[in-house]
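Peer 1: A predicted structure for the sequence below; I have some questions about it.
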Amino acid sequence: MSLEEETKKEIEAAFTEQDDVKCAELTKKALDAGADPATLLATEIAVVKKLCENSWWTGGVEKSAKETENTLLLSDLIMIGECLKASADILKPALAGKIDKTNTGGRIVTGTIEGDIHDIGKNIVADIWTSAGYQVEDLGFDVPPKNFVLSAKTGRTDIVAISCSMGMAKTGIEKVVAELKKLGIRDKVKVLDGGQACYSTDVERLGVDMMGFDQIDGLNKANELMRILREERKKTEVKQ
């Protein structure tokens, strides 16, 4: 077994044991051994997703008593979240050194949509955006659609980024898009969504511009949306 495979197994075991100190130590060990921070983050997020699939509440549907045998409770999910946070704190400086910082000045309003309290993944990508030079306003979790829109209206916002991990809360994303249209600013901002309940079909179904598959892809998609916005604004300036 290679060092990379061995470390991956150790990290997965640490998350399963809900040992946040060990998760941080193993993350540092992997970085010191030369692991790519973005790949390492993606690996740890995949481990967390796999564990969360075995929770008592998955996709907004509560499982039956029989199905919940040997599954994770909410308290377990909180501890696993703490493990990911501990690892992410180690990874942030390493990620910052590898992030494309050409988008300094872009403003992103982000938050977890109303009805959903999952915010670990959102917090990580917000930190990544900040490291990349974006100005990020994080509204937190359980955020009403109107709050996204009000924040987008108050400043020159470029991207409204909505996180959603619970399917039952997903209709809120569509409400954000509708409210932006109602205020006449939908064409001035881009809407990005992401989280376990989000899919690439959201572009057509909910009216968002792009969907981020994970935290690193969230940065890539934000960069692409900024590039598109700048091109659109240049065309508008030429016409004027």
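Peer 2: Ah, there it is.
Peer 1: Check which residues of the longest helix along the chain are buried.
Peer 2: Counting by DSSP state H, the longest helix found in the chain is helix 215-239. For helix 215-239, the neighbour count (16 or more other C-beta atoms under 10 Å) marks 215-216, 218-219, 221-223, 225-226, 229 as buried. (Each C-beta comes from the backbone N, C-alpha and C, glycine too.)
Peer 1: Can I get those residues in TSV including distance to residue 150 and pLDDT?
Peer 2: Formatted as TSV, the buried residues of helix 215-239 follow (distance: C-beta to C-beta, whole Å; pLDDT from 0 to 100):
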residue	distance to residue 150	pLDDT
215	26	80
216	29	80
218	23	90
219	25	88
221	24	93
222	21	94
223	26	91
225	21	95
226	22	93
229	20	92
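Peer 1: Throw these into TSV and include distance to residue 198, thanks.
Peer 2: Converted to TSV, the buried residues of helix 215-239 look like this (distance: C-beta to C-beta, whole Å):
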residue	distance to residue 198
215	13
216	15
218	11
219	16
221	11
222	15
223	18
225	15
226	20
229	21
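Peer 1: Go through those and name the one nearest residue 31.
Peer 2: Of all the buried residues of helix 215-239, residue 31 sits closest to residue 216, with 15.7 Å by C-beta to C-beta.
Peer 1: how far away is residue 18 from residue 217?
Peer 2: From residue 18 over to residue 217 the distance is 27 Å, taken as C-beta to C-beta, to the nearest Å.
Peer 1: Identify all contacting residues around stretch 143-150.
Peer 2: With C-beta atoms under 8 Å, 6 or more residues apart in numbering as the test, stretch 143-150 has contacts from 109, 111-114, 139, 160, 162, 172, 175-176, 179-180, 183.
Peer 1: Now for residue 182, how many residues are close by?
Peer 2: When counting by other C-beta atoms under 10 Å, one arrives at 10 neighbours for residue 182.
Peer 1: Just the pLDDT at it, thanks.
Peer 2: Per-residue confidence at residue 182 stands at 94 (pLDDT).
Peer 1: Check the gap between residue 39 and residue 123 for me.
Peer 2: 20 Å.
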